[in-house]
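Visitor: When you get a sec, could you give me coordinates for this:
(chains A and B)
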2 protein chains.
Amino acid sequence: MTDMKWIAHAQDGQARAGILQTAHGDVPTPSFMPVGTVGTVKAMMAESVRATGAGIVLGNTYHLMLRPGAERVRKLGGLHRMMDWPGPILTDSGGFQVMSLGALRKLDEDGVTFNSHIDGSKHRLTPESSTDIQHALDATITMAFDECPALPATPEHLAQSMERSMRWAARSREAFVPRSGYGQFGIVQGGTEPELRVQSVKALMDIGFEGYAIGGLAVGEGQALMFQTLDVTAPRLPTDKSRYLMGVGTPDDMLGAVARGIDMFDCVMPTRAGRTARAYTERGTLNLRNARHAEDLRPISPTCPCPACTKHSRAYLHHLFRAGEILAPMLLTWHNLTYYQRLMQEMRAAIMGGTFEATAQKMRDDWGRGDWSLDEWPQPRLPPVP
Amino acid sequence: MTDMKWIAHAQDGQARAGILQTAHGDVPTPSFMPVGTVGTVKAMMAESVRATGAGIVLGNTYHLMLRPGAERVRKLGGLHRMMDWPGPILTDSGGFQVMSLGALRKLDEDGVTFNSHIDGSKHRLTPESSTDIQHALDATITMAFDECPALPATPEHLAQSMERSMRWAARSREAFVPRSGYGQFGIVQGGTEPELRVQSVKALMDIGFEGYAIGGLAVGEGQALMFQTLDVTAPRLPTDKSRYLMGVGTPDDMLGAVARGIDMFDCVMPTRAGRTARAYTERGTLNLRNARHAEDLRPISPTCPCPACTKHSRAYLHHLFRAGEILAPMLLTWHNLTYYQRLMQEMRAAIMGGTFEATAQKMRDDWGRGDWSLDEWPQPRLPPVP
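Guide: Alright, predicted model coming up:
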């Protein structure tokens, strides 16, 4: 292998199925990347993440540079070895998270100075240092350092910000050390201004990356505006490189994004929901703290192969959340990540089979129907206690 | 099978190796029971508890009767099915925990009235209701309801308390419903008064149980006094029934207790320590929060087969505890329970081989030597980051 490659397997409308080939293994797309902020997907052992079907995970440069520190991660053998995840890892550039620090950060043309949210210590990120840090972390996929403006913003502000991000993208590319099977993705910016997105795509393609991300969305603009932005952006990206929609999203968001030609996603939703008793199912979401689950002997979903569903009842999970037991987020995170991976597998199969639109419509219909009634899916009968 | 039986396999001095045969499987002894307070061994999936080598776990009547409630556990198929633990389960009687509520409880000859620590609601436990609740939980081993006085206490108080516990033991036995492979253990009381312990043993043997526990110890009296009490108590117990020292203890406590003829233990130490960064090893304990572990690429122990040791470094665990990640207690609880089970296996093998005293002395010596030096056990060399 010389380069990181994305190979198309099938296309159905704009929806694409393919495979991303990396130094750390192949990843079928569409692909969802569980978020492993500081070197762990919260409440999950790495082998359990693998068992959900995940092929690639995400790490956060901002969090890792502060704790345990990029140089320490390097000494520990890199992120793969440290977290026992031999598969591919994508790291963000730190740009998005530094921006969300608000008053704690100061932006200039060269980069961003900020104070740690942990101890207030002063740090600086530039396109060069972000790229170097991601190298020290041993990221399979390095993200270009960008500025991610909060929405809504004026077109003038969005234009200046996008143009700076494009200058930073060129500097990030310059700082990137090519290695076999490793790659770097550029990030399209421009807010919800179609013209800026088109310019940004062009600027990134002039630089040339192994893949292209769409940033600056899922920051409060709403699904309709996000989809409109994808409609002008995705078709202009190279057809032979993977496309990653950053920080997205709900199952419905991902369905709409895949329909618009997106291949990769990351989001804290399934893991965060796993810690707050919210379960994703093919029939929408459930709150397991709700009293209606207290004596429900059914699993969360009748078809899910995860341990929460094959070994335990909703009633047990309800009890664990009420009692504040660590096992509750452990089981529900596993379930939610399994749901997200199954969703990717079903979308992929539908694209390969040329039935994406029908499959997507059925998924949306099922989400809309809500939780299974007891008529549809009766409680299992248990043998009497001896 | 008609009864729960304990079969002797070997004896070395007073130390015994044997097997406890129950409706839910056999348990080699000496045996340590991980504590699964409210239907989960904290931070562990049931199959991971099994993977540590544990053969039996403990549940707490007090906690389970309050949440989710005994009747609800029964509706969920009993504790085994609810927590996915098909093996034997021992439940305590609630006596010890109710006593430790202090001002929240009121004792009379018939039982104890108390207020829930969760919502203040009023509850009552008697020998009969405790036994019924343990039946509803489907406990493989039911414990007699007893009073566990705080130490130090006057001989008069200890005598009155022990005598009441013996009356309660008889009532507990009366309320117990014999079932094939299930059993009930009586609890020897009498504080640190040898004469009272002797009387208590006699009273329980007159009633007759499938096993005998020694209660009222490990409540602050110190190891020397605890061992003295075992010296007068254990030799008077039936040789053909298992003996359980409740709430004990440190590895050194268990070594001394096995030497005095004890077969079974339970304690929150390995699980609690797993949540507070304290690791048990054959060379004593380590605090993984300590800065000296921050770049230590060695696992906690060079010989431990648990995932924390086979997949991760001390440095990673240090990082996870510093960052407050759920994976930290998950991994360290697994390690500590594995250590406790290995200790039991080594004691058992030594008893079978007739080398218990020499093995025990070597263990004590090793604990005393402290953590491995880098000369003894150098850091592993990692391949350079690409």
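Visitor: alpha carbons only for contacts and neighbour counts from here, please
Guide: Noted.
Visitor: I figured A:Ile187 hits A:Glu210, correct?
Guide: No: the criterion here is C-alpha atoms under 8 Å, and A:Ile187 misses it with A:Glu210 at 11.4 Å.
Visitor: count of residues packed around the closest residue to chain B within the stretch 151-300 of chain A?
Guide: Proximity of the stretch 151-300 of chain A to chain B (C-alpha to the nearest C-alpha) peaks at A:Leu297, 6.6 Å away. Neighbour count of A:Leu297, defined by other C-alpha atoms under 10 Å in any protein chain shown: 21.
Visitor: For it, grab phi and psi.
Guide: Main-chain dihedrals, A:Leu297, degrees, to the nearest 10: phi -80, psi 0.
Visitor: residues from chain A in reach of chain B?
Guide: Within chain A, the positions near chain B by C-alpha under 8 Å from any C-alpha of the partner chain are A:38, A:40, A:42-45, A:67-68, A:72, A:74-78, A:82-84, A:136, A:138, A:179, A:295, A:297, A:311-313, A:315-316, A:319, A:323, A:325-327, A:330, A:382-386.
Visitor: Next step: those restricted to helices.
Guide: Judged by DSSP state H, helices contain the following of these: A:72, A:74-75, A:78, A:82-83, A:136, A:311, A:315-316, A:319, A:327, A:330.
Visitor: Contact partners for A:Val27?
Guide: A:Val27 is in contact with A:19-21, A:55-56, counting by C-alpha atoms under 8 Å, 6 or more residues apart in numbering or on different chains.
Visitor: So which of these is the closest to B:Ser373?
Guide: A:Ile56 (37.4 Å; C-alpha to C-alpha).
Visitor: Leaving out sequence neighbours, find the closest residue to the closest one.
Guide: A:Pro88 (5.0 Å; C-alpha to C-alpha, 6 or more residues apart in numbering or on different chains).
Visitor: more neighbours, A:Ile187 and A:Glu210?
Guide: A:Ile187 (29 against 19).
Visitor: Assign a three-state SS to the more buried one, would you?
Guide: What DSSP: H, G, I helix; E, B strand; the rest coil gives for A:Ile187 is strand.
Visitor: Which pLDDT value goes with it?
Guide: pLDDT for A:Ile187: 98.
Visitor: Nearest residue to it in space, please, no chain neighbours.
Guide: Nearest to A:Ile187 is A:Ala213, by C-alpha to C-alpha, 6+ apart, at 4.6 Å.
Visitor: Doesn't the one you found lie inside a strand?
Guide: Yes: residue state for A:Ala213 (three-state DSSP) corresponds to a strand.
Visitor: count of residues packed around it?
Guide: 24.
Visitor: Quick check: it vs B:Lys5, distance?
Guide: A:Ala213 sits at a distance of 65 Å from B:Lys5 (criterion: C-alpha to C-alpha, to the nearest Å).
Visitor: And for A:Thr229?
Guide: Taken as C-alpha to C-alpha, the span from A:Thr229 to B:Lys5 is 72 Å.
Visitor: what do you get for A:Arg171?
Guide: 75 Å.
Visitor: before we move on, what about A:Asn115?
Guide: Distance, A:Asn115 to B:Lys5, using C-alpha to C-alpha: 65 Å.
Visitor: if you count what's nearby, which of the two comes out ahead?
Guide: More crowded of A:Asn115 and B:Lys5, by other C-alpha under 10 Å: B:Lys5, with 20 against 17.
Visitor: Report the beta-bridge partners for the more buried one.
Guide: For B:Lys5, the beta-bridge partners are B:Gln21 (DSSP bridges).
Visitor: so who does it touch?
Guide: B:20-22, B:181, B:210, B:241.
Visitor: for A:Thr250, same thing?
Guide: A:Met269.
Visitor: and it, what pLDDT?
Guide: At A:Thr250, the pLDDT recorded in the model is 98.
Visitor: cool, and A:Leu151?
Guide: As predicted, A:Leu151 sits at a pLDDT of 84.
Visitor: Let's verify it: helix, strand, or coil?
Guide: A:Leu151 ends up coil, using three-state DSSP.
Visitor: and it, how many neighbours?
Guide: 15.
Visitor: my read: it touches A:Glu221, true?
Guide: Yes: using C-alpha under 8 Å, A:Leu151 is in contact with A:Glu221, at 6.7 Å.
Visitor: Now the terminal residues of stretch A:141-155, how far apart.
Guide: End-to-end distance (C-alpha to C-alpha), stretch A:141-155: 31 Å.
Visitor: Residues touching it, excluding its own?
Guide: Taking C-alpha under 8 Å, 6+ apart as the rule, stretch A:141-155 contacts A:88-96, A:99, A:126-127, A:130-131, A:134-135, A:158, A:161-162, A:164-166, A:168-169, A:172-173, A:182-187, A:189, A:191, A:193, A:215-216, A:219-221.
Visitor: Run the chain-centre distance for the strand or helix carrying A:Thr233.
Guide: Per DSSP states H and E, A:Thr233 falls inside helix A:223-233. The chain centroid and the centroid of helix A:223-233 are separated by 18 Å under C-alpha atoms, centre = their mean, to the nearest Å.
Visitor: So which bits of that helix are buried?
Guide: Across helix A:223-233, burial judged by 16 or more other C-alpha atoms under 10 Å in any protein chain shown covers A:225-227, A:229-233.
Visitor: and if you look at stretch A:83-90?
Guide: A:83, A:85-90.
Visitor: Any chance of JSON lines for the residues you listed, columns secondary structure, pLDDT and distance to B:Met205?
Guide: Formatted as JSON lines, the buried residues of stretch A:83-90 follow (DSSP: H, G, I helix; E, B strand; the rest coil; pLDDT from 0 to 100; distance: C-alpha to C-alpha, whole Å):
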{"residue": "A:Met83", "secondary structure": "helix", "pLDDT": "96", "distance to B:Met205": "54"}
{"residue": "A:Trp85", "secondary structure": "coil", "pLDDT": "97", "distance to B:Met205": "56"}
{"residue": "A:Pro86", "secondary structure": "coil", "pLDDT": "96", "distance to B:Met205": "59"}
{"residue": "A:Gly87", "secondary structure": "coil", "pLDDT": "98", "distance to B:Met205": "61"}
{"residue": "A:Pro88", "secondary structure": "coil", "pLDDT": "98", "distance to B:Met205": "64"}
{"residue": "A:Ile89", "secondary structure": "strand", "pLDDT": "98", "distance to B:Met205": "63"}
{"residue": "A:Leu90", "secondary structure": "strand", "pLDDT": "98", "distance to B:Met205": "66"}
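Visitor: Specify which member of those residues is nearest to chain B.
Guide: For the buried residues of stretch A:83-90, the nearest to chain B is A:Met83 (7.3 Å; C-alpha to the nearest C-alpha).
Visitor: How about the contacts made by the closest one?
Guide: A:39-40, A:46, B:312, B:316.
Visitor: quick one on the thing from earlier: ranking the contacts of A:Val27 by neighbours, who comes first?
Guide: Going by other C-alpha under 10 Å, A:Ile56 tops the contacts of A:Val27 with 27 neighbours.
Visitor: if we can go back for a sec, pull out the buried residues from the residues of chain A next to chain B.
Guide: A:38, A:40, A:42-45, A:67-68, A:72, A:74-78, A:82-83, A:136, A:138, A:295, A:297, A:311-313, A:315-316, A:319, A:323, A:325-327, A:330.
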